[in-house]
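>>> Here's my sequence, what's the structure:
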Amino acid sequence: MKKERETKVVDMSGVTCGLVPGIVEQLDATSARVVDVHIRTGIREEIMSGFGSGGAWNIEIITDLGFDILRFIRKKPSSLESLNIVEY
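I've put the predicted structure just below:
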């Protein structure tokens, strides 16, 4: 069985429409612990508002030359995740 690389790199710097759904699709399709997504510069705030708290991923933004990098780091499972006080 082939083990996937620790970090997956996805270049979406040319995508202008449907960027958030495209990123979500990439995240859902990988088992990598870290995913670096290259995005156009200047759209950081719009992208972060599209992801909210990040769900199963921690998100950080890194400025690079010619593009920004959204780094998604998979959260470790927590025993508290199964607690949901709304359900009864």
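
>>> which residues sit against the helix ranked longest in the chain?
Using DSSP state H, we find that the single longest helix of the chain is helix 19-28. For helix 19-28, the surrounding residues in contact (C-beta atoms under 8 Å, 6 or more residues apart in numbering) are 8, 10, 12, 15, 35, 37, 39, 43, 47, 50-51, 57, 70, 72. Glycine gets a C-beta too; all of them are placed from N, C-alpha and C.

>>> again, only this time at 6 Å
By C-beta atoms under 6 Å, 6 or more residues apart in numbering, the residues outside helix 19-28 that reach it are V10, V15, V37, G50.

>>> Any idea how far it is from the middle of the chain?
8 Å (C-alpha atoms, centre = their mean, to the nearest Å).

>>> Tell me which strands the helix or strand that it is followed by pairs with, and in which orientation.
Once helix 19-28 ends, the next helix or strand along the chain (criterion: DSSP states H and E) is strand 34-39. Paired neighbours of strand 34-39 in the sheet (DSSP bridges): strand 7-11 (parallel), strand 68-74 (antiparallel).

>>> Return the alpha-carbon coordinates of strand 34-39 using CSV.
The C-alpha coordinates for strand 34-39 follow below in CSV (Å, rounded to 0.1, in the frame of the first residue of the first chain):
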residue,chain,number,x,y,z
VAL,A,34,-1.3,19.0,5.6
VAL,A,35,-2.7,20.5,2.4
ASP,A,36,-1.2,23.7,0.9
VAL,A,37,-3.5,25.4,-1.5
HIS,A,38,-2.1,28.2,-3.7
ILE,A,39,-4.6,31.0,-4.2
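
>>> for the record, mean pLDDT for that strand?
For strand 34-39, mean pLDDT rounds to 96.

>>> on that earlier part again, can you say which of the strands paired with strand 34-39 is packed in most?
By mean neighbour count, with neighbours taken as mean count of other C-beta atoms under 10 Å, strand 68-74 ranks first of those at a mean of 18.

>>> Alright, I will stop here.
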